[in-house]
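>>> Pasting the sequence and the predicted coordinates here, then a few questions.
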Amino acid sequence: MEVSSFPTSCKSLQQSPSVEALLPRKSWFPHWNQVHLFPTKKALRPLVGRTGNLTWKQNHSQVLKCQLKEVPIIETGCMEEIYDILAKRLVPNAAAESNPNFKHIVGLCGPPGAGKSTLAFEVASRVNKLWPQKSSAFDSQVESPEVAIVLPMDGFHLYRHQLDKMKDPEEAHARRGSPWTFDPERLLRCLINLRNEGSVYVPSFDHGVGDPVEDDIFVSLQHKVVIVEGNYLLLNEDVWRDISSTFDEKWFIDVDIEKSMERVLRRHISTGKPPDIAKWRIDYNDRPNAELIIKSKQRADLIIKSVDFSR
């Protein structure tokens, strides 16, 4: 597909150097907390086992079992419990840092209908509630108790006028939401600016208008935890691979594809699409995208088993 030219810079507090010069080295945080135990490059962190238990006995044999797992998995009876677990996981890493520019950036990936936005905002909300209990050193330095923020990938959709300029505009609009209908270079630049400068403006997405809204989200110095949520954050190709390298942690929401497509169908119908058009869009666009995204699950540091939101 041919994409028309579009600025890939992202407004920040300072003019940023080139992308190639600023790709950050991954940082690891060898801290323990009470929830998970899984191995990183320098240490073991807490883990929730497949059995749904919230803690494991930390003896030698069980640690070895953890190390043999490709990716640790969180699986419990309800999403509320998962939100709490993930928030408790994030707070110690952020609270241990005294650098005012510090950011602990999480990449949250999953197929359409997995519940990424809900999980990201619920976890951020819980981090903000837990923060005063864990990080009194920062309380006097920030203007707001909110230290966690969500950065949605939706704001990096190509504009409709850019899709109009592609070789096959009708196909481009029909497949909107596929990887090639986003601007990953711009997302990468924003993440690099955030890592190096501590603050950045990013676009949001207006679903009513169907286009991004420039500079609508401000990630400031006070934010210590940034949850970036989107479909393609773990793809192992082209610029997406570089985006993945900017994250301190990579999470994947694992959901049965039939369940996720049911949720997407309800979403399409709720926005006014006739049922037959909604089903066609799922078969033509949403399901192929979901199948591609699911293949990137193996690149996650942590897999979160999605359950019905009503449970």
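It's in.
>>> C-alpha only now, for contacts and for neighbours.
Fine.
>>> Cys190: what secondary structure?
Under DSSP: H, G, I helix; E, B strand; the rest coil, Cys190 falls in the helix class.
>>> so it makes contact with Pro203?
No - counting by C-alpha atoms under 8 Å, Pro203 is not a contact partner of Cys190; they are 9.9 Å apart.
>>> and the residue nearest to Ser204 when sequence neighbours are not counted, how many residues sit next to it?
With sequence-adjacent residues excluded and distances taken as C-alpha to C-alpha, 6 or more residues apart in numbering, Ser204 is closest to Gly155, at 4.1 Å. Applying other C-alpha atoms under 10 Å, we find 24 residues neighbouring Gly155.
>>> wait, is Gly155 part of a helix?
Yes - with three-state DSSP as the criterion, Gly155 is located in a helix.
>>> How much space separates it from Cys78?
Per C-alpha to C-alpha, to the nearest Å, Gly155 is found 29 Å from Cys78.
>>> sorry, back to before: now do the same for the residue nearest to Ser204: its pLDDT.
Model confidence at Gly155, given as pLDDT, is 96.
>>> shouldn't it be in contact with Gly210?
No - the criterion here is C-alpha under 8 Å, and Gly155 misses it with Gly210 at 10.3 Å.
>>> Can you give me the buried ones in stretch 75-83?
Glu75, Thr76, Met79, Ile82, Tyr83 (16 or more other C-alpha atoms under 10 Å).
>>> so the second one sits right up against Asp84, yeah?
No - checked against C-alpha under 8 Å, the pair Thr76 and Asp84 is beyond contact range at 11.2 Å.
>>> just the helices in this protein please.
For the chain, the helices defined by DSSP state H cover 19-22, 60-68, 79-95, 116-134, 136-139, 160-164, 169-174, 184-197, 238-244, 257-270, 275-281, 287-295.
>>> Which strands or helices does the fourth one pack on?
The criterion is 3 or more C-alpha pairs under 8 Å, 6 or more residues apart in numbering; DSSP states H and E, and the helices and strands that helix 116-134 contacts are helix 79-95, strand 104-109, strand 148-152, strand 225-230.
>>> strand partners of the second one, parallel vs antiparallel please.
In its sheet, strand 104-109 lies beside strand 225-230 (parallel), strand 249-254 (parallel), with partners assigned from DSSP bridges.
>>> In a markdown table: those strands, plus mean pLDDT, mean neighbour count and distance to Arg241.
Shown next, in a markdown table, are the strands paired with strand 104-109 (pLDDT from 0 to 100; neighbours: other C-alpha atoms under 10 Å; distance: least, C-alpha to C-alpha, whole Å):
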| stretch | mean pLDDT | mean neighbour count | distance to Arg241 |
| --- | --- | --- | --- |
| strand 225-230 | 97 | 23 | 14 |
| strand 249-254 | 96 | 24 | 12 |
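>>> check contacts around the residue nearest to Lys279 when sequence neighbours are not counted.
Excluding the flanking residues, the one nearest Lys279 by C-alpha to C-alpha, 6+ apart is Leu265, at 6.7 Å. Counting by C-alpha atoms under 8 Å, 6 or more residues apart in numbering, Leu265 makes contact with Pro275, Ala278, Lys279, Ile282.
>>> Identify the single longest strand in the chain, thanks.
Longest strand in the chain by number of residues (criterion: DSSP state E): strand 211-219.
>>> gap between Pro275 and Ile269?
When C-alpha to C-alpha is the yardstick, Pro275 and Ile269 sit 6 Å from each other.
>>> Now for the residue lying closest to Asp183 once chain neighbours are set aside, how many residues are close by?
The spatially closest residue to Asp183, leaving aside those adjacent along the chain, is Phe156, at 5.5 Å (C-alpha to C-alpha, 6+ apart). Using other C-alpha under 10 Å, the number of residues around Phe156 comes to 23.
>>> how much space is there between Phe156 and Glu146?
Distance from Phe156 to Glu146, counting by C-alpha to C-alpha: 24 Å.
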